[in-house]
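1. The sequence and its predicted three-dimensional model are supplied below.
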Amino acid sequence: MSSSINEIKEKADIVELIADHIPVKRAGASYVAKCPFHNDTKPSMHISSQKGIYKCFACGAGGDVFKFWSEYHNKDFSETLKDLALKYGVTLNQHPENISKQKLQNEYLEIYSVTADYYHEKLLGAESAELCRNYLSERQIDLNTIKNFRIGYSPTSKDDWGFLVKHLTGKLKISEEEIFKSGLAIHHEKSGKYYDRFRDRLMIPITNEKDEVIGFGARILENNSEAPKYINSPETDIYHKGDELFGLSLAKKAIKEKNFVILVEGYFDQIALYKEGFKNTVANQGTALTPKQAKLLLKYSSSKSIYLCLDSDKAGELAKERAFEVIMQIAAELNPEIKVIDLQTAKDPDDFIKLFGNSNFELEIKNAKSFIDYKTDKLISEFKKEEFGPREKANFISKMSRFLYFINNKIELNAYIQKLAARLDLSSNILEEQIRKEFKNLSREFAVTGTNNSGNSTPFINHSKPTEANTQHSFTTQNQNHKKHSSINLDPLSRFDIELLAIMLDDRILLEEFMANEYSLNKEEHQIILSALVDVSFENPDDDTNSKFKKLKNHESLEDLKYSSDLAEIAMELESDKKQYLTRFNEIISVLRKQKSEILKRKLDKELQEAEKNKDEENIGRLLREIQQLLKEYS
């Protein structure tokens, strides 16, 4: 891997690379440009072709070709490495399993791209798509929007259920079995025939961040109580519903520019808002927000501002609560700003635009309340004034404490408590005492359920220390007899993370291996340290461990490196025995691989149970094969 990185650096001209993205001009022996990482009014970025680095003397951004590509395109190191290897014709030294998986993914991406084009052409020209075109017209979806989203139509007839299968076998010269494995066809066991999964439906392509089609959302066109309104592509090697946000590939530029993102539920909510100029909108495809989706929401805005614009019914309220908790659990230390857009009497964003128009939606964005203020108003409104007595106030405090628990900023939390005390006509001391009790109960609850709260710390509350319940985790290794300094008093998950960071601080090759395999650390704050370590290591490849550690402590994203002494001490401990830390690294990687397989196995088992419940024979067969292959790979 290290040789591949060096080869990319040798082939890449940093001036040319940056000039492909922004205007660059010569200034003496070097080059200058307006920095794309802040609102630069004069050329503050200096680029050295000789050293292969850039540096902005206004905002501090700087690094090599890897760093520029990563920052400009909002990609992690493994994605950046793959992109630049492709750009400069460098072959990455990959494990045979990874090569085989990548080949299969590329084949599926081609199949889905051709399928999207086929459906799109049918919508625009086929006589059988008339009902579909009328439906889109009724929903005020114009031709430009249809083309932007590549919306399509899946044809069928009474006599032929295999239009797409025939098209793909003819155009791509692939077998029906391959189309079945990609998720676009269904196999009839008795007849042995393959037919299209989607028939006579409006087709909405789902794309990844790179704007590659990876799946479809398919809506029925005629009211039929027996058929589901929407069906989605099954999970495949390129599509995992909980990993994607619909519309992100189109929205990410606007999210950067406006510095906040709007989250809606459904496909048409996102399409409607995008069409009306609210291009910084994405949808979670009508499911509960997942941690991976939450990370994507935070990825493209430096302000970490998220505006929830979910349906106004009971399910929508629960979805708002779930979204708030998930976002705060994974990123409390980033202090994300979560607001709620009030839809008034409209049932969803699409309905709001049709009823009240763009200008009123702009106003609702401007007047959006913080999630805590929104929930405060919502819960209080559920009580009649004369019925809002001591017992009701206690219930209200219990409900609100669940959300306050995740507020990591002491000043912000204190302000909310003072505001609540005034609204409830309670002394702040009494309210603080009650919230303290609620927080203790929540700490025990989250410890038992394994929920990862990223460190709520309040001006008046000391949360209980990690209990046995929340320190039990699959991240334990076979060998627990490695040396420990008595001064290092970390919980098991922190110790695990810091050991890995210390090893990778000392050995860049192991850092590259870790990043290339897309492993993650347990705690969000450690992930931030890891990102800083990648910066330091690749900007200063010749530095020794001590020099890198000093630069790591001074990194802009680590103003308060809480674990600096632990990191230094463990690094010294491992440095004394190189053989030990290599053994330790392999132990930890083995645990990571095992954990990834266990997570995937649980996911497949759950899908298998659902398939067996629905007597879905083709999916039962596929899932059994995948589980068998997984057990074989990790046995």
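-> Right, received. Where do you want to start? Remember, predicted model here, so these are calculated numbers, not experimental data.
2. In terms of secondary structure, what does the host helix or strand of E499 contact?
-> E499 is part of helix 492-506 when elements are defined by DSSP states H and E. Applying 3 or more C-beta pairs under 8 Å, 6 or more residues apart in numbering; DSSP states H and E, we find helix 492-506 packed against helix 508-516, helix 524-539, helix 545-553, helix 564-575, helix 578-613. Where C-beta positions appear, they are placed from N, C-alpha and C, glycine not excepted.
3. Let me know the average pLDDT across it.
-> For helix 492-506, the mean per-residue pLDDT is 75.
4. Now stretch 113-132: buried residues?
-> Residues 113-120, 122-123, 126, 129, 132 are the ones in stretch 113-132 that count as buried (16 or more other C-beta atoms under 10 Å).
5. Compare the helices and strands packed on helix 492-506 and give me the one nearest V32.
-> Taking C-beta to C-beta as the criterion, helix 524-539 is the member of the helices and strands packed on helix 492-506 that comes nearest to V32, at 19.7 Å.
6. Closest one of the buried residues of stretch 113-132 to E607?
-> T115 (22.4 Å).
7. The one helix or strand that closest one maps to to helix 508-516, inter-axis angle?
-> Taking DSSP H and E as the definition, T115 sits inside helix 96-125. On the basis of axes from the mean of the first three to the mean of the last three C-alpha atoms, to 10 degrees, helix 96-125 is oriented at 30 degrees to helix 508-516.
8. Going along the chain, name the helices of the stretch 1-150 of the chain.
-> Shown for the stretch 1-150 of the chain, the helices assigned by DSSP state H, counting those that start in this stretch span residues 2-11, 14-19, 65-73, 77-87, 96-125, 130-138, 143-149.
9. sorry, that was for the stretch 201-350 of the chain
-> 248-258, 267-275, 291-299, 314-331, 349-366.
10. Can you get me a residue count around D348?
-> 20 (other C-beta atoms under 10 Å).
11. actually K393, not the one I typed
-> Counted with other C-beta under 10 Å, the burial measure for K393 works out to 19 neighbours.
12. Please look at it and L424 and confirm they touch.
-> Yes: with contact defined as C-beta atoms under 8 Å, K393 counts as touching L424 (5.4 Å).
13. Show me which helix or strand of this structure is least confident by mean pLDDT.
-> Every helix and strand of the chain was ranked by mean pLDDT, DSSP states H and E. The lowest is helix 468-471, at a mean of 33.
14. Provide a list of residues in contact with F324.
-> Shown in contact with F324 (C-beta atoms under 8 Å, 6 or more residues apart in numbering): 308, 338, 371, 403, 406.
15. gap between the host helix or strand of the fourth one and the chain center?
-> In other words, F403. If you go by DSSP H and E, F403 is part of helix 390-404. Distance, stretch centre to chain centre, for helix 390-404: 31 Å (C-alpha atoms, centre = their mean, to the nearest Å).
16. what comes up buried for the helix holding E499?
-> Under 16+ other C-beta under 10 Å, the buried positions of helix 492-506 are 492-506.
17. ditto for stretch 588-606
-> 588-589, 591-592, 604.
18. then that stretch to CSV, C-alphas only?
-> What follows is stretch 588-606, C-alpha atoms only, in CSV (Å, rounded to 0.1, in the frame of the first residue of the first chain):
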residue,chain,number,x,y,z
ILE,A,588,-7.1,-6.1,17.4
ILE,A,589,-7.6,-6.3,13.6
SER,A,590,-8.8,-9.9,14.1
VAL,A,591,-11.4,-8.7,16.5
LEU,A,592,-12.5,-5.9,14.1
ARG,A,593,-12.9,-8.4,11.3
LYS,A,594,-14.8,-10.7,13.6
GLN,A,595,-17.1,-7.9,14.7
LYS,A,596,-17.8,-6.8,11.1
SER,A,597,-18.8,-10.4,10.3
GLU,A,598,-21.0,-10.7,13.4
ILE,A,599,-22.8,-7.5,12.5
LEU,A,600,-23.4,-8.7,8.9
LYS,A,601,-24.5,-12.1,10.2
ARG,A,602,-27.1,-10.6,12.5
LYS,A,603,-28.3,-8.4,9.6
LEU,A,604,-28.6,-11.4,7.3
ASP,A,605,-30.3,-13.5,10.0
LYS,A,606,-32.9,-10.8,10.5
